Each structure stands twice: as C-alpha cells, then as structure tokens.
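> structure, please.
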Amino acid sequence: MIHPTYVVIGNPIAHSKSPQIHAAFAAQFADHPYVAGFIYQQLLAPLDGFSATVQGFADAGGRGANVTVPFKEEAFRWVGEQLTERAAAAGAVNTLVRQANGTWQGDNTDGAGLVTDLLRHINLRGQRILLLGAGGAARGALLPLLQQQPQSLSVANRTQSKAQQLLDEVAAPWRHAQGVSLPVLALGFDDLLDEVTATNLSQYDVVINATSASLSGERLPISDAIFAPNALAYDMMYGKNQTPFLAQAREAGVQQRVDGLGMLVGQAAEAFELWTGLRPEVAPVLQWMREQI
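Residues are numbered from 1 along each chain as shown. Here you go, the predicted model:
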C-alpha cells in the first residue's frame, strides 16, 4: 500500500477539491525532486478522533496536511505553541507542516490566500477596507489584511461587541507590536444601513463578505451607499452562480465583483509552497477550477 505524503483532513471530506488542486500544482513541477512522490489524498477523521488520525498519518510518513471543518480549532490546540504568527492570530490551523525534528508546525493560509486573490484585482495599500462578519473566516483574514497597510479597516457584525472583541484580540496587539496607528473600527450592521439618508454612511473601497449569509441565500442588511466609486466587492463564498452578496453589489452599481474561488486556490498555493518551497502558478489552476463548477 502506498501511503499519501500529504492529505486534507476533515469530516465530511468527500466534497473537498484540495486533491485536484494540489495535483495540478504538483504537475507544474513534475521534474522537480522536491515533488517526487507527492501524493495528496482526502483523509476522513472521526469527529472524536482528530489527534489519533493525524498521529497515524504521521507514523505512516506523512509530511504535511490541510485541515478543514470541523477540525481547524482542534488542530490549533493540537500543535501547542508551534504556531506561525498568522495561525496564532486566527486562532485556527488549516495547514500542518512536518518539521525536520519530527514535530508539527501549525499555520493558517486562508487569509494569505484571500489577500493574494484580492491583489490580483486591486492594490490594498491605502484603501478603506470593510470586513463583514466577525467569525472564524474574518479572524483568519484580519492580520493579513492589516499587513497590507490599508488606510483603515472596519469590521462589521450583527453584534457589534463581537466585532470589537475581534479587533481587541487581533488588531490591537498587532498595532502595538508594529507601532502603527492604523485606524480600526468595530461596527454593527445597523451602522451600515440608514433607511432615511445615506449622508452619514462611510464609504469603502473594498468590501469583503466573511459571513455565511451567501450559503443560506440571505441578503445582508447593508446600504448600497457604503460602496465607494470603483469599489471592489469580494465574497469568500463561491458557486456556479453569482452569490447573493455579489448580486447585492451588482444592484448597487459595483463593477468589480469577485467570489472566493481564487481564495480557495490561493490558500492551497500557500500550503504547497510551505511543504515544497515551490510557488505554483495560481491562474491556470483557478481557470481550470472555474470550468469545473
């Protein structure tokens, strides 16, 4: 039996597109010795058996793993203190890297994948960014977005206190460590919806949906007026058809509308580079994935 050297661990896992993505990346370096024997498969872990599953994979010679729902927080705890800065900020691990001494380092490439995809469309430096949602997806994105040196970054959530907690836990320590005074602001969704007049609403150059609203077909309670002229609307979700959030943005007159498929491919490229030291080309794989939807 040939054991995989890399896996994606989750439950459920049959739907994961990671094996196809990483196979396409590996094909770009078919003659490179670092990719020799690159075998990437899905690995189903029992809901109460993540640690045992990772250990069994490691014992069989595993070298790296992606981690997906519902195990990202458990993977964060499993690696202990061996966390990258962005994983520590995210409070979750989606990539495990086997170290030379046999231990495992936890990383989180989700936010980096988002930023890489955004940079294909817009320069984030000096922009006014609005992040919708304050859950795990938003937490993973926050530090990589701050590192792009925007003009300001606001987080809006149905419960404003949760947005403030996210900024207190992630943005405040980073700003203190970096010695920067980049403006950050916590908002409630009510602050983005003025039914009488839009004159008091701030406008944003980049609006990112990190909520799960698009999964359930919900529209977000936001005013069309929050989008600045030439704004970019980004939804971390993706599908065959335009997501509800991007449909809202289209109705608001936003011309640049991007879904999260590029984030999916981008975060995988970050992981591939961590494991192999090789940076794959994202564009052809993204195009191929788009055709498969």
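
> for V258, give me its contacts.
For V258, the contacting residues are 117-118, 121, 232-235, 246, by Cβ atoms under 8 Å, 6 or more residues apart in numbering. All C-beta spots, glycine's among them, are computed from the backbone N, C-alpha and C.

> just the ones in strands from the residues you listed, please.
Among the contacts of V258, the members found in strands (DSSP state E) are 232-235.

> could I get these as a markdown table with pLDDT, distance to T53 and neighbour count?
Written out in a markdown table, the entries for the ones in strands among the contacts of V258 read as follows (pLDDT from 0 to 100; distance: Cβ to Cβ, whole Å; neighbours: other Cβ atoms under 10 Å):
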| residue | pLDDT | distance to T53 | neighbour count |
| --- | --- | --- | --- |
| L232 | 98 | 39 | 23 |
| A233 | 98 | 38 | 25 |
| Y234 | 98 | 33 | 27 |
| D235 | 98 | 32 | 28 |
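
> need the residues you listed in CSV with distance to I222, can you?
Converted to CSV, the ones in strands among the contacts of V258 look like this (distance: Cβ to Cβ, whole Å):
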residue, distance to I222
L232, 15
A233, 10
Y234, 14
D235, 13
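
> quick one: which of the residues you listed is nearest P183?
Of all the ones in strands among the contacts of V258, L232 has the smallest distance to P183: 19.6 Å, by Cβ to Cβ.

> check contacts around that closest one.
When contacts are counted by Cβ under 8 Å, 6+ apart, L232 touches 118, 121-122, 205-207, 254, 256-258.

> list only buried entries from those.
Listed as buried from the contacts of L232 are 118, 122, 205-207, 254, 257-258; burial here means 16 or more other Cβ atoms under 10 Å.

> where do the helices sit along the stretch 1-150 of the chain?
Taking DSSP state H, counting those that start in this stretch to define them, one finds helices in the stretch 1-150 of the chain at 18-27, 50-59, 72-78, 85-90, 110-119, 136-146.

> in the shortest one, what's buried?
This points to helix 85-90. Of the residues in helix 85-90, 86-90 count as buried by neighbour count, 16+ other Cβ under 10 Å.
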